[in-house]
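A.B. asks: predicted model and sequence follow; I will ask about them next.
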Amino acid sequence: MAIVNQLLADFETPSGQRYRIEYNENGYIHLHTDHVRIDFTPEEFEKLASVVLASRDELISMKDEL
């Protein structure tokens, strides 16, 4: 169990799914949802974030075309 240095996000989706993203003392980022925890190195988390942002931009572009 890691010590949380900073809470990066804590939110709930409209469907009721809860998420929590933590930056931990050991340098890893944890993404929690229900009973699942995914560990990321900072580099892995940066890659995930860039893919999510690119996907968001693509969805916005698709919506604008409709």
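C.D. replies: Right, received. Where do you want to start? Residues are numbered from 1 along each chain as shown.
A.B. asks: hmm, Gln17 is touching Val36, no?
C.D. replies: No - Gln17 is not in contact with Val36 according to CB atoms under 8 Å; the separation is 10.8 Å. Using the backbone N, CA and C atoms, a C-beta is placed for each residue, glycine as well.
A.B. asks: more neighbours: which of these two?
C.D. replies: Gln17 (10 against 7; other CB atoms under 10 Å).
A.B. asks: next one: the more buried one from Ala54, what distance?
C.D. replies: Plainly put, Gln17 is 22 Å away from Ala54 if you go by CB to CB, to the nearest Å.
A.B. asks: how much space separates Gly27 from Phe45?
C.D. replies: According to CB to CB, Gly27 and Phe45 sit 11 Å apart.
A.B. asks: one more: His35?
C.D. replies: 21 Å.
A.B. asks: those two: which is more packed in?
C.D. replies: A direct count of neighbours by other CB under 10 Å for His35 and Phe45 places Phe45 higher, at 19 against 5.
A.B. asks: now the more buried one, what are its backbone angles?
C.D. replies: Note on Phe45: its backbone torsions stand at phi -70, psi -40 [degrees, to the nearest 10].
A.B. asks: contact partners for Glu22?
C.D. replies: 2, 4-8, 29-30, 32 (CB atoms under 8 Å, 6 or more residues apart in numbering).
A.B. asks: please, which helix or strand holds it?
C.D. replies: Using DSSP states H and E, Glu22 sits within strand 18-24.
A.B. asks: and for Asp39?
C.D. replies: Using DSSP H and E, Asp39 falls in strand 36-40.
A.B. asks: any idea how far that strand is from the chain center?
C.D. replies: 10 Å (CA atoms, centre = their mean, to the nearest Å).
A.B. asks: likewise for stretch 42-52?
C.D. replies: Put simply, stretch 42-52 sits 9 Å off its chain's centre (CA atoms, centre = their mean).
A.B. asks: got the contact list for it?
C.D. replies: Residues from elsewhere that reach stretch 42-52 (CB under 8 Å, 6+ apart): 27-29, 40.
A.B. asks: brilliant, that's me finished.
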